[in-house]
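Q: For reference, the sequence and a predicted model appear below.
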Amino acid sequence: MQRSPEIHQLCALCKKEHAVQRYTRADFDEMVCARCLDRMAVQDASEAQLLHRLDLVDRGQYEEALACLDAIWEANRHRDHTGWLARNVAMGRAHILYEAGRYEEALEAAEAWAQLGFENVTDRWFVGSTKASILQSLGRDREALAVYEEAFSHQDPLYAASIPYHLPMLVELSEKVGQPVDEKWRRVAEAGAEDFAVEMPVRGSLGESMLALAEMTREMPSKREREWKAKHGGGTGEGEP
Ligand SMILES: [Zn+2]
């Protein structure tokens, strides 16, 4: 009897564990390990519910939306090995409470979310921007800027392509408290520009330069995308083995 070659195959996602099962959905069909299988199942369950939840929020049915989050957590917490769902639920809670205008509770939820840790710096920036938005709604503009600057002070060259997208918030929060964007962010903005192989646009102020950079890089391929293209000869990467 021949053994399936798949038994010795590595997980297509983490590339560390042995693949144990095929996971198929619209845009994915690969052999994955037990841990990654659970993660994908958890993500899919959450995504499947997302539109419904957003719809409830749109209609002002905030309690129902919060109940949906509780339900998805209870049904899937046993297989949330990476904490992805815990973070996703915490994010959802902060968002719903914010939309409901329950800013103090939203702030608590965002703080609980931050306590769950971050997968990468962009996650950290996202939590920071959410907290900053809530603080702004509470009229605490100075704290909002401080919170966002703290989050943004964590940098990782791997995510330099995401920097320009996050600059407008820094500009807006600085303007809100009536001060120019701190010069200490110039180097960070330049690292973002470098990732897109462009010069930092020269404008009347650092803030205006940042907004111009965010605008001009919005639809440009990042360094990683360019390198991938150079290596693989163009295309979108679909159908890669
Ligand atoms: Zn895996």
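A: Done, it's in. Residues are numbered from 1 along each chain as shown.

Q: Who are the contact partners of residue 124?
A: 118, 151, 154 (C-beta atoms under 8 Å, 6 or more residues apart in numbering). Where C-beta positions appear, they are placed from N, C-alpha and C, glycine not excepted.

Q: tell me the SS of it?
A: helix (DSSP: H, G, I helix; E, B strand; the rest coil).

Q: Phi, psi for the closest residue to it other than its chain neighbours please.
A: Closest residue in space to residue 124, ignoring its immediate chain neighbours: residue 118 at 4.3 Å, by C-beta to C-beta, 6 or more residues apart in numbering. Note on residue 118: its backbone torsions stand at phi -130, psi 140 [degrees, to the nearest 10].

Q: In this structure residue 118 contacts residue 156, no?
A: No. Taking contacts as C-beta atoms under 8 Å, residue 118 lies outside contact range of residue 156: 10.5 Å.

Q: need the helices for the protein, in chain order.
A: Assigned helices in the chain, in chain order: 34-58, 62-76, 84-99, 103-115, 121-137, 141-152, 163-176, 186-195, 206-217, 223-232 (criterion: DSSP state H).

Q: what does the chain have sitting close to the ion?
A: 11, 13-14, 17, 33, 36 (C-beta under 5 Å from the ion).

Q: what's the offset of the helix or strand of the chain with the lowest mean pLDDT from the middle of its chain?
A: Across the helices and strands of the chain, the lowest-confidence element by mean pLDDT, DSSP states H and E is helix 223-232, at a mean of 84. Distance of helix 223-232 from the chain centroid (C-alpha atoms, centre = their mean, to the nearest Å) equals 22 Å.

Q: Could you list the low-confidence segments of this structure?
A: 1-7, 234-241 (pLDDT under 70).

Q: Can you tell me which residue is spatially central in it?
A: Nearest residue to the geometric centre of the chain (C-alpha atoms, centre = their mean): residue 123, 4.6 Å.

Q: ok, residue 95 to residue 110 distance?
A: Residue 95 sits 9 Å away from residue 110 when distances are taken as C-beta to C-beta, to the nearest Å.
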